[in-house]
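Chemist: I would like to see how this sequence folds:
(2 chains)
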Amino acid sequence: MEGSVRVRFAPSPTGFLHIGGLRTALYNYLFARHFDDGTFILRIEDTDQSRYVEGAEEDIIRSLEWCGMTIDEGPENPGAFAPYRQSERQELYHKYAKELIDNDQAYYAFDTTEELDQMRERLQKSGNPSPKYDAITRQSMKNSLTLPQDEVDKRLEAGEEYVIRLKVPRRETVRFEDLIRGHVSFETKGLDDQVLLKSDGMPTYHLANVVDDHEMKITHVIRGEEWLSSTPKHILLYNAFGWDAPQMAHLPLIMSPSGGKLSKRKAEEEGIPVNTKDYINQNYEPEALVNFLAYLGWSPGDDSEIHSLDELSELFTLDRVSKGGAVFNHKKLLWYNEHYLREQSDEELAERLRDIAKNKDIDLPDDETLIKAISLLKERVSKIDEILEMGDFFFKDPESYEEKALKKWKDDSGALVRQYRESIESLDSDNFEAATLKSRLEDVIEKNDVGFGKLMMPLRIAVTGQGFGPDLFASMELLGKEIVIRRLDTALEKLD
RNA sequence: GCCGCGUUCGUCUAGGGGUUUAGGACGCCGCCCUUUCACGGCGGUAACACGGGUUCAAAUCCCGUACGCGGUACCA
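Modeler: Numbering: from 1, shown residues only, chains lettered A, B, ... in the order given. You can find the predicted model right below:
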């Protein structure tokens, strides 16, 4: 590859970082890291003042960090091409827009919104289903191509509002090679004369994007497929400036299980967290999200499924990105989450659980007990915080008994549990061990000539309040004699 | 409407003319392990959108059709 690779993730700060945006960032990141000297840049495209959301930029940066992506150049750590917020680069866009006017590639337009609407309406009435501000119509609009030069000057001097539009050629075929899709071509006749500079002085996406990608020496533009049909506009702009366009790669969209782009509304309806922030708040494992997202629209071509961010960087190539949209599969994400959860030691999990419990105002036992509880529970949960719910009985006496489990409490259950209680009451507190507890249970069922489950289930209900869960004898050992006896007494009182 | 891009198991995908009885993963189902629930192990279910070509041979190449998605703004 000629020169070193420079890619950018260029989100608009219009809200929390969306999961689709995160994947775009990830693919850019992986692509950059695939090369020894690749650079991953964050550029904030805040040119739409009306959609700007306070704190969005911060959210984007923290989200990327949480996933383990390091930003080489961005607003918080500017490189040689600062600033990295488009709102701070306005003079640049003005300079280049002016250059285009001077070269007769663009023009001033003074039409008001109403006039534009009128034009479209008029054209539609006369049988044009998709009216354009193009090479034909611009001849009858109010712009520096139709107005006398002195009037144009007068309007500009008077501070009248204007936009700058690109002179899109009337009939031309724009072709480019997309790294993912191959050969793509568009006819310019379907395009408007693009607004480059808006009347509020801000550039449009198209101008800012092209100028910045050029200025920042971006080599590869990797973005979502929703940009594919804008690409000819960008190619036209590169040509107008006489610049080489970067390589283009348009990623397939992430789809909702019900079809269509995974929007905020759809995702919520289907129970899919849509913002990276949600995954952070809901205690997902970042490695799981990263691994899952990487495989959503890409695969290394072998049968492997589990890879760290670094391994993914090594494996990632654009030619292995698939072309079709990829449906978000929440169950698979959970599978990844379980995997990365179980990879962690009980000690690590205990430490993290303390933080989570603190936020939820839950009291946790001492480290020794907690770590043992975790070892019993972590094979049974999908997310770390579920340990708290499933292991609830380790931390406090059951307040109620699960309805479904209660069906297992039969007429003879009370008598059996009572016998067992007597049997273990004589045990030393220090001798309250799983093996002993099990053999005592065997004694009781043998004496009564009943099956294991006859006592096992009622016992489980009494001790945990639930009909499922970790090994009961290990759990009782961990709970200790005092608590177990107390719970048996309570249950006998309430249920028998 | 117009323009563009797609289309292999329910989902993510491998495979890109003969190696394919189309492979893997998630899910689902069953069995084993476990007298709970899980983990784990083993097995099973299930796909080349359709129609025409090209070719000795097509999931793979070409053309249509259908369907899906995206775009069509002084939003990005």
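Chemist: any idea of the pLDDT on residue A:161?
Modeler: Looking at residue A:161, its pLDDT is 96.
Chemist: Isn't it up against residue A:111?
Modeler: No. With contact defined as CB atoms under 8 Å, residue A:161 does not reach residue A:111; the gap is 10.0 Å. All C-beta atoms are positioned from the backbone trio N, CA, C, and that covers glycine.
Chemist: Looking at the two, which is more packed in?
Modeler: residue A:111 (19 against 12; other CB atoms under 10 Å).
Chemist: quick one, phi/psi of that one?
Modeler: The phi/psi pair for residue A:111 (degrees, to the nearest 10) reads phi -60, psi 140.
Chemist: Also residue A:250?
Modeler: phi -110, psi 120.
Chemist: cool, and the one 4 residues further on?
Modeler: Residue A:254 adopts backbone torsions of phi -90, psi 130, taken as degrees, to the nearest 10.
Chemist: any idea how far residue A:313 is from it?
Modeler: Applying CB to CB, to the nearest Å, the value for residue A:254 to residue A:313 is 21 Å.
Chemist: So these two - more neighbours on which side?
Modeler: Counted by other CB under 10 Å, residue A:254 and residue A:313 do not tie: residue A:254 has more neighbours, with 24 against 18.
Chemist: okay, now the domains of chain A?
Modeler: Following automatic domain parsing, one finds the domains of chain A at A:6-75+A:210-253, A:90-197, A:264-341, A:345-394, A:403-495.
Chemist: how near is the residue in chain A positioned nearest to RNA strand B to residue A:432?
Modeler: Nearest residue of chain A to RNA strand B: residue A:452, at 2.4 Å (CB to the nearest atom of the strand). Counting by CB to CB, the gap from residue A:452 to residue A:432 is 20 Å.
Chemist: Neighbour count for these two, which is higher?
Modeler: Neighbour count, other CB under 10 Å: between residue A:452 and residue A:432, residue A:432 has more, with 19 against 10.
Chemist: Check the gap between the more buried one and residue A:474 for me.
Modeler: According to CB to CB, residue A:432 stands 12 Å off from residue A:474.
Chemist: and stretch A:5-20, which residues are buried?
Modeler: A:5-13, A:15-20 (16 or more other CB atoms under 10 Å).
Chemist: Check the residues you listed one by one and keep those near RNA strand B.
Modeler: Among the buried residues of stretch A:5-20, the ones lying close to RNA strand B by the criterion of CB under 7 Å from any atom of the strand are A:10, A:11, A:12.
Chemist: from these, which single one is nearest residue A:352?
Modeler: residue A:11 (28.6 Å; CB to CB).
Chemist: Which strand or helix spans the closest one?
Modeler: Assigned by DSSP states H and E, residue A:11 belongs to no helix or strand.
Chemist: OK, contacts around it?
Modeler: When contacts are counted by CB atoms under 8 Å, 6 or more residues apart in numbering, residue A:11 touches A:17, A:21, A:25, A:44, A:45, A:60.
Chemist: now do 6 Å
Modeler: Applying CB atoms under 6 Å, 6 or more residues apart in numbering to residue A:11 gives the contacts A:21, A:60.
Chemist: ok, now residue A:173?
Modeler: Contact analysis of residue A:173 by CB under 6 Å, 6+ apart lists A:185, A:187.
Chemist: Quickly list what it is bridged to.
Modeler: Here residue A:173 shows beta-bridge partners residue A:187, assigned using DSSP bridges.
Chemist: Check the one 5 residues further on too.
Modeler: Here residue A:178 shows beta-bridge partners residue A:182, residue A:248, assigned using DSSP bridges.
Chemist: Could you report the distance from it to residue A:225?
Modeler: Residue A:178 sits at a distance of 10 Å from residue A:225 (criterion: CB to CB).
Chemist: who touches both of those two?
Modeler: Taking CB under 6 Å, 6+ apart as the contact definition, residue A:178 and residue A:225 share the neighbouring residues residue A:250.
Chemist: I'd assumed residue A:287 was in contact with residue A:337.
Modeler: No. Counting by CB atoms under 6 Å, residue A:337 stays clear of residue A:287, with 8.9 Å between them.
Chemist: Spatially, what comes nearest to the residue of chain A most remote from its centre if we skip its sequence neighbours?
Modeler: What lies farthest from the middle of chain A is residue A:447; by CA atoms, centre = their mean that is 58.5 Å. Among residues not flanking residue A:447 along the chain, residue A:419 sits closest, at 7.6 Å (CB to CB, 6 or more residues apart in numbering).
Chemist: Assign residue A:185 to helix, strand or coil.
Modeler: Here residue A:185 takes the strand state, with states given by DSSP: H, G, I helix; E, B strand; the rest coil.
Chemist: Let me see the mean pLDDT of stretch A:448-458.
Modeler: The average of the pLDDT scores along stretch A:448-458 is 91.
Chemist: list the buried ones in that stretch?
Modeler: Across stretch A:448-458, burial judged by 16+ other CB under 10 Å covers A:454, A:455, A:456, A:457, A:458.
Chemist: In TSV, list those along with distance to residue A:465 and secondary structure.
Modeler: Below are the buried residues of stretch A:448-458 laid out as TSV (distance: CB to CB, whole Å; DSSP: H, G, I helix; E, B strand; the rest coil):
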residue	distance to residue A:465	secondary structure
A:454	19	helix
A:455	17	helix
A:456	15	helix
A:457	13	helix
A:458	12	helix
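Chemist: Closest to residue A:342 out of those?
Modeler: When the buried residues of stretch A:448-458 are ranked by distance to residue A:342 (CB to CB), residue A:456 comes first, at 26.2 Å.
Chemist: residues contacting residue A:131?
Modeler: A:120, A:123, A:124.
Chemist: Drop the exposed ones from these and show what's left.
Modeler: Among these, those classed as buried by neighbour count (16+ other CB under 10 Å) are A:120, A:123.
Chemist: still on that earlier bit, among the domains of chain A, which is the most enclosed?
Modeler: Highest mean neighbour count of those: domain A:6-75+A:210-253, a mean of 20 (counted as mean count of other CB atoms under 10 Å).
Chemist: Show me what the mean pLDDT comes to for that domain.
Modeler: Domain A:6-75+A:210-253 carries an average pLDDT of 97.
Chemist: Then stretch A:392-399?
Modeler: Averaged over stretch A:392-399, pLDDT sits at 92.
Chemist: can you list the residues of the stretch 301-450 of chain A near RNA strand B?
Modeler: Contact residues (CB under 7 Å from any atom of the strand) of the stretch 301-450 of chain A with RNA strand B: A:301, A:303, A:305, A:320, A:322-327, A:329, A:331-332, A:334-335, A:342, A:379-380, A:445.
Chemist: Residue numbers of the stretch 51-200 of chain A in contact with RNA strand B?
Modeler: Looking at RNA strand B, the residues of the stretch 51-200 of chain A close enough under CB under 7 Å from any atom of the strand are A:51, A:111-113, A:116, A:129-130, A:133, A:161, A:163, A:181-187, A:190, A:192, A:195, A:198-200.
Chemist: Break down the stretch 301-450 of chain A into its strands, ranges please.
Modeler: Secondary structure of the stretch 301-450 of chain A, counting by DSSP state E, counting those that start in this stretch: strands at A:326-327.
Chemist: Show the low-confidence segments of it, by residue range.
Modeler: Along the stretch 301-450 of chain A, no part satisfies pLDDT under 70.
Chemist: Now do the helices in it.
Modeler: A:309-315, A:330-342, A:346-360, A:367-377, A:386-390, A:392-395, A:403-406, A:413-425, A:434-448 (DSSP state H, counting those that start in this stretch).
Chemist: Can you lay out the buried residues of stretch A:448-458 as TSV showing distance to RNA strand B?
Modeler: Below are the buried residues of stretch A:448-458 laid out as TSV (distance: CB to the nearest atom of the strand, whole Å):
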residue	distance to RNA strand B
A:454	9
A:455	9
A:456	5
A:457	7
A:458	12
